[in-house]
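K.L.:
quick one, what's the 3D model for this:
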Amino acid sequence: MKRFLLNLMAVAVLLAFIAPQALARDVTLNFKDADIRAFIEFVAGFSGRNFLIDNRVKGKVTIISPSPVSDDAAYAIFLSVLEVNGFAAVQSGSVIKIVPRAEGKQKPLPVVSGAANTTKKSVGDELVTEVIRLKYADAAQLTAILRPLVPPNSNLSVYSRGNMLLMTDSAANIRRIRQVVKLLDRNEALGVKVFSLKHASAEKVAQTLGQLYSGGPAQGSVGRVKAMAYQPGNMLIVVAAPQLLNEVLRMVGKLDIAPQMDSGRLYVRYLKNADAEDVAKVINSLIGGQSQGGKGAVAGVAPSKSLFIGDVKLVADPATNALLITADASDRIGLDRLIDKLDIRRLQVLVEALIIEISANGAQQFGMEFRGLSDPTTPGRKAVGGTNFSVQGGTSINTLAAATTPLNPGNGLAIGVVDGTVSFGGSTFLNLGALLRALETKSDANVLSTPNILTMDNEEAEIIVGQNVPFVTGSSSTQGGTANPFQTIQRQDVGLTLRVTPQISEGDTIRLKIFQEVSSVAASQGTAQDIVTNKRSIKTTVLASDGNIIVLGGLMRDDSTKGVQRVPCIGAIPIIGEPFKFTDNSRSKTNLMVFLRPHIIRSRKDMKAITEQKYREVKGVYDNQTYEGTILFPQKKTPLPADLNPLTKPGKKPVEKPLPSTP
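P.N.:
Modelled structure (predicted):
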């Protein structure tokens with residue numbers, strides 16, 4: 001049994017040695033005008049490969065081979081036959097496609113490098129794609145030399161940025177091309193080129209080329225490009241490897257171009273409603289914020305998209321209320337839409353104010369003064385004495401007695417008792433023994449102001465009706481030791497001031513920023529050195545509905561003063577004490593109220609209705625001011641201008657309507 005196993009192992013070893021020799025048989029190729037499809041079938045039989053034949057594969061094959069060849073050599077001859085007849089074998093999985101050679105370069109061929117192809121056993125007519133990387137020579141220049149060596153059905157292209165050649169051809173021809181490239185790809189001396197620039201700045205182009213060809217990883221071993229600007233002359237000197245000079249020449253040609261003129265990008269947009277300066281300020285702020293936001297990116301936040309593709313500039317022309325815009329055609333549509341949103345007809349607001357001030361002043365004065373004085377020149381004892389009270393707006397009894405002018409006791413009723421005159425110390429006095437005074441005053445004043453002001457939404461408006469009153473702020477009598485009297489005066493507005501800024505909100509609600517002031521010159525005061533003014537002002541922000549009346553503020557003041565002057569003791573006795581006292585009572589009452597009503601003007605119809613109403617009110621007041629004249633000087637009526645009458649239509653008489661009732 002052991003011997004049997006040893007013999008079996010020996011037979012197996014012998015068969016393993018003999019089998020490859022039996023399989024590696026020789027093939028005899030001897031064909032004359034054989035159909036190429038039959039020849040492909042013969043190759044499939046001895047090689048064991050699967051072929052997929054294109055319908056366009058047709059032709060005759062003639063091969064004369066007197067001696068047998070191996071399978072590999074026979075398959076290489078098969079590939080050569082296909083190459084001669086314009087066909088190619090392309091491996092696709094377990095199948096080999098037989099297609100026209102012109103289409104074979106577009107099929108998924110094996111891609112090899114130069115180093116891999118040199119160690120490949122088969123360097124025949126199989127179709128392959130190879131990338132050849134150059135070290136020194138310019139790939140674009142070398143293509144012109146290698147093009148005649150490449151068949152028309154093959155491919156030879158250039159990748160300039162990597163300075164490489166891309167070829168699709170038979171392995172044998174690519175090997176020949178690689179040998180030629182090896183002889184041509186040599187390190188030569190640097191080249192120098194001088195460019196005379198016409199448009200671009202030589203300094204800026206030199207700086208750009210220096211940044212572009214900085215010798216980084218993208219340039220590989222090609223080397224750097226040194227560019228220098230020469231002034232005057234706007235000339236550019238470039239020192240680089242010869243293979244880079246052509247590329248630098250193309251780059252300089254692209255950089256040396258005339259700047260794009262904005263004349264084709266400029267157009268004018270006339271606005272209908274909005275202010276050109278305001279619109280330009282808003283859009284320029286939007287563009288400026290977008291450009292600043294794009295420069296500095298926030299960590300973790302995606303950058304926002306640009307509003308416009310190109311550079312956009314806006315300049316306002318106040319004289320024509322127009323926008324001068326510089327923008328690309330692609331940005332004009334977006335700009336026009338944005339301007340249309342801003343150039344809208346804004347609403348207007350009519351603010352009607354009613355200011356009512358009622359004041360009432362009253363005063364009562366009643367009292368008696370007396371004195372006793374006999375002639376001091378006569379002998380004997382004389383009685384001297386009496387009462388003397390300070391009277392506002394009047395003259396005391398002693399002053400009247402010493403006056404040389406006729407009796408002038410002041411306002412009101414004055415009754416006195418006079419007994420001749422008395423001489424004393426060379427002066428003559430009235431012998432005024434008693435003086436009774438009685439005065440009652442009452443004054444009422446009603447002030448009604450109805451200022452109206454019309455303004456646009458979100459626009460401040462102001463109306464001032466009053467006087468410009470001078471106030472003395474300083475004086476001087478001498479200047480530099482010389483008499484030079486002068487006064488410094490400052491003028492201020494005294495009267496009615498209404499300043500309002502409306503803002504229309506949703507739901508016909510109006511937000512009003514209001515400043516209301518009423519000032520007037522007061523009567524002269526005894527303690528004041530200059531003019532005294534009364535001032536009442538309101539500064540507030542309110543919300544009001546369209547057409548509703550609101551009250552802004554009011555003042556109700558009632559001042560009462562009572563004064564009694566009397567002789568002690570006896571003046572307090574009822575009835576008996578009346579001649580020995582003086583009573584002075586005064587009362588001042590002031591009522592001030594301010595009302596306001598806003599109206600939203602939405603259309604021409606609203607404007608026309610309010611204008612006609614106000615015109616009728618003014619016309620009624622104007623027509624009621626009628627005074628009687630005389631025969632010699634009759635009254636002349638002056639009507640309002642007819643051409644400024646809003647009630648008049650062209651070619652028709654004025655349409656008179658009754659005045660609307662005041663709410």
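
K.L.:
pull up the pairing partners for the longest strand belonging to the chain, direction included.
P.N.:
The longest strand of the chain (DSSP state E) is strand 348-372. Using DSSP bridges, the strands paired with strand 348-372 are strand 385-386 (antiparallel), strand 427-449 (antiparallel), strand 452-456 (antiparallel), strand 581-601 (antiparallel).

K.L.:
same question for it, mean pLDDT?
P.N.:
Averaged across strand 348-372, pLDDT comes to 81.

K.L.:
check stretch 229-237 too.
P.N.:
The predicted model assigns stretch 229-237 a mean pLDDT of 82.

K.L.:
same thing with stretch 612-623?
P.N.:
On average, stretch 612-623 scores 82.

K.L.:
restricting to C-alpha, output that stretch in PDB.
P.N.:
C-alpha atoms of stretch 612-623 as PDB (Å, rounded to 0.1, in the frame of the first residue of the first chain):
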ATOM      1  CA  GLU A 612     -63.100 124.000  -0.500                       C
ATOM      2  CA  GLN A 613     -64.400 123.800   3.100                       C
ATOM      3  CA  LYS A 614     -61.600 126.000   4.400                       C
ATOM      4  CA  TYR A 615     -62.000 128.500   1.600                       C
ATOM      5  CA  ARG A 616     -65.700 128.900   2.400                       C
ATOM      6  CA  GLU A 617     -64.900 129.600   6.000                       C
ATOM      7  CA  VAL A 618     -62.300 132.300   5.100                       C
ATOM      8  CA  LYS A 619     -64.700 133.800   2.500                       C
ATOM      9  CA  GLY A 620     -67.500 134.000   5.100                       C
ATOM     10  CA  VAL A 621     -65.200 135.900   7.500                       C
ATOM     11  CA  TYR A 622     -63.900 138.100   4.700                       C
ATOM     12  CA  ASP A 623     -67.400 139.100   3.500                       C
END
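
K.L.:
residue 128 and residue 536, how far apart?
P.N.:
According to CB to CB, to the nearest Å, residue 128 and residue 536 sit 103 Å apart. No exception for glycine: its C-beta is placed from N, CA and C like everyone else's.

K.L.:
these two: who's more crowded?
P.N.:
Between residue 128 and residue 536, residue 128 has the larger neighbour count (other CB atoms under 10 Å), namely 20 against 16.

K.L.:
which residues does stretch 264-283 contact?
P.N.:
Applying CB atoms under 8 Å, 6 or more residues apart in numbering, the external contacts of stretch 264-283 come out as 310, 314-318, 320-329, 332, 335-336, 338-339, 342-346.

K.L.:
what number of residues lie near residue 500?
P.N.:
Neighbourhood size, residue 500 [other CB under 10 Å]: 22.

K.L.:
list the contacts of it.
P.N.:
Counted by CB under 8 Å, 6+ apart, residue 500 has contacts 351, 453, 455, 460, 461, 462, 512, 513, 514, 515.

K.L.:
the strand or helix carrying it: which residues count as buried?
P.N.:
In the assignment (DSSP states H and E), residue 500 maps to strand 482-504. Buried residues in strand 482-504, counting neighbours by 16 or more other CB atoms under 10 Å, are found at 494, 495, 496, 497, 498, 499, 500, 501, 502, 504.

K.L.:
what's the local residue count around the nearest residue to residue 68 once chain neighbours are set aside?
P.N.:
Once flanking residues are discounted, residue 68 sits nearest to residue 26: 3.5 Å by CB to CB, 6 or more residues apart in numbering. When neighbours are defined as other CB under 10 Å, residue 26 has 12 of them.

K.L.:
state the distance from residue 26 to residue 73.
P.N.:
Distance from residue 26 to residue 73, by CB to CB: 9 Å.

K.L.:
what's the answer for residue 644, then?
P.N.:
Noted for residue 644: a distance of 117 Å to residue 73, by CB to CB.

K.L.:
so which of the two has more stuff around it?
P.N.:
With neighbours defined as other CB under 10 Å, residue 644 and residue 73 compare such that residue 73 has more, 15 against 8.

K.L.:
helix, strand or coil: sort out that one for me.
P.N.:
helix (DSSP: H, G, I helix; E, B strand; the rest coil).

K.L.:
quick one: residues contacting it.
P.N.:
Contacts of residue 73 by CB under 8 Å, 6+ apart: none found.

K.L.:
how about the helices in the stretch 201-350 of the chain?
P.N.:
Here the stretch 201-350 of the chain has its helices, by DSSP state H, counting those that start in this stretch, at 202-212, 242-255, 276-295, 329-342.

K.L.:
what mean pLDDT does the third one get?
P.N.:
Translated: helix 276-295. What helix 276-295 shows for mean pLDDT is 77.

K.L.:
mind checking pLDDT for residue 321?
P.N.:
93.

K.L.:
OK, contacts around it?
P.N.:
Residues near residue 321 by CB under 8 Å, 6+ apart: 270, 271, 275, 276.

K.L.:
how about those, which pair is most distant?
P.N.:
270 and 275 (12.6 Å; CB to CB).

K.L.:
between these two, which one's more packed in?
P.N.:
Comparing residue 270 with residue 275 by other CB under 10 Å, the one with more neighbours is residue 275, at 15 against 11.

K.L.:
re the thing from before, dump the contacts of residue 321 into a markdown table; add distance to residue 182 as well.
P.N.:
Below are the contacts of residue 321 laid out as a markdown table (distance: CB to CB, whole Å):
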| residue | distance to residue 182 |
| --- | --- |
| 270 | 72 |
| 271 | 72 |
| 275 | 75 |
| 276 | 71 |
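
K.L.:
what is the nearest of these to residue 214?
P.N.:
For the contacts of residue 321, the nearest to residue 214 is residue 276 (48.0 Å; CB to CB).

K.L.:
how many neighbours does the closest residue in space to the closest one that isn't next to it in sequence have?
P.N.:
Nearest residue to residue 276 in three dimensions, chain neighbours excluded: residue 316, at 4.0 Å (CB to CB, 6+ apart). By other CB under 10 Å, the residues close to residue 316 number 20.

K.L.:
likewise for the one 10 residues further on?
P.N.:
By other CB under 10 Å, the residues close to residue 326 number 17.

K.L.:
and residue 470, by the same measure?
P.N.:
Residue 470: 12 surrounding residues under other CB under 10 Å.

K.L.:
residue 38 too?
P.N.:
When neighbours are counted by other CB under 10 Å, residue 38 comes out with 11.

K.L.:
next: residue 66.
P.N.:
Residues near residue 66, counting by other CB under 10 Å: 7.

K.L.:
what secondary structure does it sit in?
P.N.:
coil.

K.L.:
and it, how far is that from residue 560?
P.N.:
Distance of residue 66 to residue 560, computed by CB to CB: 153 Å.

K.L.:
likewise residue 624?
P.N.:
Where residue 560 is concerned, residue 624 sits at a distance of 38 Å (CB to CB).

K.L.:
more neighbours: which of those two?
P.N.:
Neighbour totals were compared for residue 624 and residue 560, and residue 560 leads with 10 against 7 (other CB under 10 Å).

K.L.:
surely that one is in contact with residue 364?
P.N.:
No: using CB atoms under 8 Å, residue 560 makes no contact with residue 364, being 11.5 Å away.

K.L.:
could you tell me which residues touch both of the two?
P.N.:
Common neighbours of residue 560 and residue 364 (criterion: CB under 8 Å, 6+ apart): 585, 586.

K.L.:
got JSON lines for the helices of the stretch 201-350 of the chain, with mean neighbour count and distance to residue 543 too?
P.N.:
Listed next are the helices of the stretch 201-350 of the chain as JSON lines, based on neighbours: other CB atoms under 10 Å; distance: least, CB to CB, whole Å:
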{"stretch": "helix 202-212", "mean neighbour count": "16", "distance to residue 543": "60"}
{"stretch": "helix 242-255", "mean neighbour count": "17", "distance to residue 543": "63"}
{"stretch": "helix 276-295", "mean neighbour count": "14", "distance to residue 543": "26"}
{"stretch": "helix 329-342", "mean neighbour count": "14", "distance to residue 543": "26"}
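
K.L.:
residue 385: which of the ones you listed is closest?
P.N.:
For the helices of the stretch 201-350 of the chain, the distance to residue 385 is smallest for helix 276-295, at 84.5 Å, taking CB to CB.
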